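Novice: Fold the following and give me the result.
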Amino acid sequence: MKKILTLSVFFWSIFAFSADAQEVQNPPTQSVYVELGGAGLPYSFNYDFRFDKTRLDSWGMRVGVGGFATSNESFFSMPIMVNKLYGRGPHYFEMGFGFTFFAFDQQYDDYYCYDGFIDQNGNWVCTDTSGPSYSFILDVDGSPSIMGTLNFGYRRIPVDGGFTWKVNLNPIFNNNGFWPLYAGVGFGYAF
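Specialist: Residues are numbered from 1 along each chain as shown. Next up, the predicted model:
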């Protein structure tokens, strides 16, 4: 009876140790995703990773790129954030901070000049000497520029990896103000 009990405890210990080792050894600490809104401003493609490769509930970093181009304007953004996940798989609370570098280009004509007058010949004369301005939620002084970003949200990461998604509130700020109600949603793959 003692031998059976000893063997049972021995095999149970091996099984428990190997299960713990597998769980800690390969958590999905990296992900790629598309985010609409959020720190990338209109949208961005992102890569997120944990600094500690053995734990999901740890500090990590996210780097992304986004933008668009039309016939009259172009916009480029690059969000860079440090974040921490709190919780246990598959449900995590995400909190982070960072900045978004962005650049834009707009082609203006006299139609966009708001300060001016019509001369004797019926032509619009622009008196605005400050140059064109740009606004994305908050006024921006020029291009290139940086906007500060915060992140508070929910992230779902399957324990074995796979389809991941997130919903977050992203307050943004710069030298012209603070906007607390900017948000984002992301979909991607964790591995």
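Novice: tell me which helix or strand of the protein sits lowest on mean pLDDT?
Specialist: Comparing helices and strands within the chain by mean pLDDT, DSSP states H and E singles out helix 2-25 as the least confident, with a mean of 51.
Novice: Can you name the next helix or strand after that helix?
Specialist: Beyond helix 2-25 in the direction of the C-terminus, DSSP states H and E gives the next helix or strand as strand 30-37.
Novice: outside of the very next helix or strand once past that following strand, which residues touch it?
Specialist: Sequence order places strand 43-50 as the next helix or strand after strand 30-37, per DSSP H and E. Applying C-beta atoms under 8 Å, 6 or more residues apart in numbering, the external contacts of strand 43-50 come out as 29-38, 40, 56, 58-66, 77, 79, 83, 85, 186, 188. For glycine as for every other residue, the C-beta is placed from the backbone atoms N, C-alpha and C.
Novice: okay, the helix or strand hosting Val185 in PDB with CA atoms only?
Specialist: Secondary-structure element containing Val185, defined by DSSP H and E: strand 183-190. As requested, the backbone C-alpha atoms of strand 183-190 are provided in PDB (Å, rounded to 0.1, in the frame of the first residue of the first chain):
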ATOM      1  CA  ALA A 183     -11.100  55.600 -27.700                       C
ATOM      2  CA  GLY A 184      -9.900  52.700 -29.800                       C
ATOM      3  CA  VAL A 185     -10.700  49.100 -30.600                       C
ATOM      4  CA  GLY A 186      -8.200  46.500 -31.900                       C
ATOM      5  CA  PHE A 187      -8.200  43.000 -33.400                       C
ATOM      6  CA  GLY A 188      -5.300  40.700 -34.000                       C
ATOM      7  CA  TYR A 189      -3.300  37.600 -33.300                       C
ATOM      8  CA  ALA A 190      -1.400  36.700 -30.100                       C
END
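Novice: Okay, now the sheet partners of that strand, with direction.
Specialist: Partner strands and pairing direction for strand 183-190 (DSSP bridges) are strand 30-37 (antiparallel), strand 162-169 (antiparallel).
Novice: Adding distance to Gly98, write the ones you listed out as JSON lines.
Specialist: Putting the strands paired with strand 183-190 into JSON lines (distance: least, C-beta to C-beta, whole Å) gives the following:
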{"stretch": "strand 30-37", "distance to Gly98": "13"}
{"stretch": "strand 162-169", "distance to Gly98": "13"}
